[in-house]
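[1] No letters, just coordinates:
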């Protein structure tokens, strides 16, 4: 019974991929790939998703450490807020980002007045939108890693005279490396597929804010359905290669 | 344990399925007479029709209480894709002829499309027009963030035509997938101006204002409506298209700023 259900589940995941492969316009695939707009969309997707993964590591790991190691009132509320974007529809996230960082936003308005820069309609805006939805995945993965590691290693280092920062850098980080990798991959793949928050907050302009998922959506609507299918396939290939490669290398295989 | 879980799962699934079917075959409690239309009716309509069609929907339901009328609004190309992929819809109302032509070319229509409304373009700006935009040429002024629909979406195609006629070259900050998104970006203050339909400016309320585009630069959008070949409820579809093209529907559309079809 378990195997039957699992088989149904696997087929459910596999069939849409088969659909993409079967219906792909193989004859004109090369032409569609060489298309400048597809290339720039894919480039933008890679750059923005990697940048937001880097941002997630820079800010998310410290937050995960605070959540795992420190005791303070309001901690569960903080954790709730930090993981909210995972539950929130991305479009809502996009609107919320506009109200905070938009040209008329709470933070965006004084920022625009002071520096003359705005996030909406810029590549930076895409990175912000992707970080907003992707960072929680890294935070919870790293927090889980921190909680499950043997805290005695940290304590031993502390008794030997190492400061908090040294312990974190030399003992904690190497020990939670698998969680770091897993969290980064989760965050990166979420950022790569991000659509709703991006089109709402950053807009949709080829070369600046039109990432691959946005290009696919717009292509499907216009006369370029073939290009959309080819680009979708390419996105599937890239994601699959990364996920399979990283799994075998860092996560101990299947 | 596992078996019990499975039973529970199947029960839930069965419940979902019957609930889903119930929605499709919902019948009115009133005994249907020969010419009375009943059942569910799904209308796919261009995003710019949202307010006018919602009102028409209320009026239509007041007349035909047995009809379970549902609207699905999106950019016309999105709707065409859904129709081509076999969406179970009865009626399609497009914001332009090329998208309707795709449906006709695919042999997906039943009967010829009828133009039921026309619309003109306007420049949408924030209420009070803080950036002092008076003409199409003002859109290219430095520092003005101009937003428009994507090229494949009717409002995007029309906006390009109007800009070309005015010989104005301007790069939009974004290419929205439907016309309402342009109005939203302007009303939120993210963009300073956009080219949309007159009716969208009207529907946008006090947060936005319209700047007239002169007739020699303007484009008239024609909205065709058609009954779909695979309509699950052809009778209701016919009644609805008849209502939209009839005098009452035309009056309602006019009150939302649409120009008459003739």
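    Looks like it came in fine. Since the structure is predicted, the reported quantities are computational estimates derived from the model, not experimental observations.
[2] close to chain B, is the helix or strand encompassing residue A:245?
    Counting by DSSP states H and E, the element that carries residue A:245 is helix A:225-250. Yes. Counting by CB under 8 Å from any CB of the partner chain, chain B is contacted by helix A:225-250 at residue A:225. Backbone N, C-alpha and C define where each C-beta goes, glycine included.
[3] who does that helix touch, helix- and strand-wise?
    helix A:2-23, helix A:29-34, helix A:36-55, helix A:177-193, helix A:212-221 (3 or more CB pairs under 8 Å, 6 or more residues apart in numbering or on different chains; DSSP states H and E).
[4] in the chain, which segments are predicted with low confidence?
    Unless you meant another one, I'm taking chain A. A:32, A:221-223, A:247-254 (pLDDT under 70).
[5] try again with chain B
    Filtered on pLDDT under 70, chain B yields the residue ranges B:1-35, B:262.
[6] could you redo the last one with a cut-off of 80?
    Residues of chain B meeting the criterion pLDDT under 80: B:1-36, B:152, B:261-262.
[7] Can you give me every residue that contacts the residue nearest to residue A:198 when sequence neighbours are not counted?
    Spatial nearest neighbour of residue A:198, chain neighbours left out: residue A:129 (4.7 Å); criterion: CB to CB, 6 or more residues apart in numbering or on different chains. Counting by CB atoms under 8 Å, 6 or more residues apart in numbering or on different chains, residue A:129 touches A:93, A:94, A:97, A:194, A:197, A:198, A:200, A:201, A:202.
[8] Which strand or helix spans residue A:129?
    In this assignment (DSSP H and E), residue A:129 forms part of helix A:123-148.
[9] go on, residue B:194?
    Counting by DSSP H and E, residue B:194 is found in strand B:193-197.
[10] who touches that strand?
    Taking CB under 8 Å, 6+ apart as the rule, strand B:193-197 contacts B:48, B:119-125, B:131, B:133, B:138-139, B:144-149, B:155, B:158-159, B:162-163, B:172, B:179, B:182-183, B:185-186, B:211, B:213, B:221.
[11] Flag every residue of the stretch 101-250 of chain A that's near chain B.
    So the stretch 101-250 of chain A meets chain B at A:102-104, A:118, A:120-121, A:199, A:203-206, A:209-210, A:217-218, A:220-223, A:225 (CB under 8 Å from any CB).
[12] Show me these that map onto helices.
    If you go by DSSP state H, those have A:217, A:218, A:220, A:221, A:225 in helices.
[13] on that earlier part again, next, the angle from the next helix or strand after the helix holding residue A:129 to helix A:123-148.
    Under the assignment DSSP H and E, the closest C-terminal helix or strand after helix A:123-148 is helix A:152-159. On the basis of axes from the mean of the first three to the mean of the last three CA atoms, to 10 degrees, helix A:152-159 is oriented at 90 degrees to helix A:123-148.
[14] And helix A:152-159, what's buried?
    Along helix A:152-159, these residues count as buried under the neighbour rule (16 or more other CB atoms under 10 Å in any protein chain shown): A:154, A:157.
[15] now whichever helix or strand comes after it: how far from the chain's centre is it?
    Downstream of helix A:152-159, the next assigned helix or strand under DSSP H and E is helix A:164-167. Its chain's C-alpha centre and that of helix A:164-167 lie 28 Å apart, by CA atoms, centre = their mean, to the nearest Å.
[16] hmm, who's touching helix A:164-167?
    Residues external to helix A:164-167 that are found in contact with it (CB under 8 Å, 6+ apart): A:154, A:157, A:158.
[17] tell me which of these is nearest to chain B?
    Nearest to chain B out of the contacts of helix A:164-167 is residue A:154 (CB to the nearest CB; 40.3 Å).
[18] got the residues of chain B near chain A?
    By the rule CB under 8 Å from any CB, the part of chain B lying against chain A is B:2-3, B:6, B:75, B:77-78, B:81, B:145, B:147, B:150-153, B:172-177, B:185, B:188-191.
[19] If any of these are buried, put those into a ChimeraX selection.
    A single ChimeraX command is used to select the members of the residues of chain B next to chain A judged buried by 16+ other CB under 10 Å:
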select /B:75,77,78,81,145,147,150,152,153,172,173,174,175,176,177,185,188,189,190,191
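[20] Who are the packing partners of the helix or strand that the strand holding residue B:194 is followed by?
    Next helix or strand after strand B:193-197 toward the C-terminus (DSSP H and E): helix B:198-203. Other helices and strands packing on helix B:198-203, by 3+ CB pairs under 8 Å, 6+ apart, are helix B:50-63, strand B:109-126, helix B:179-187, strand B:208-212.
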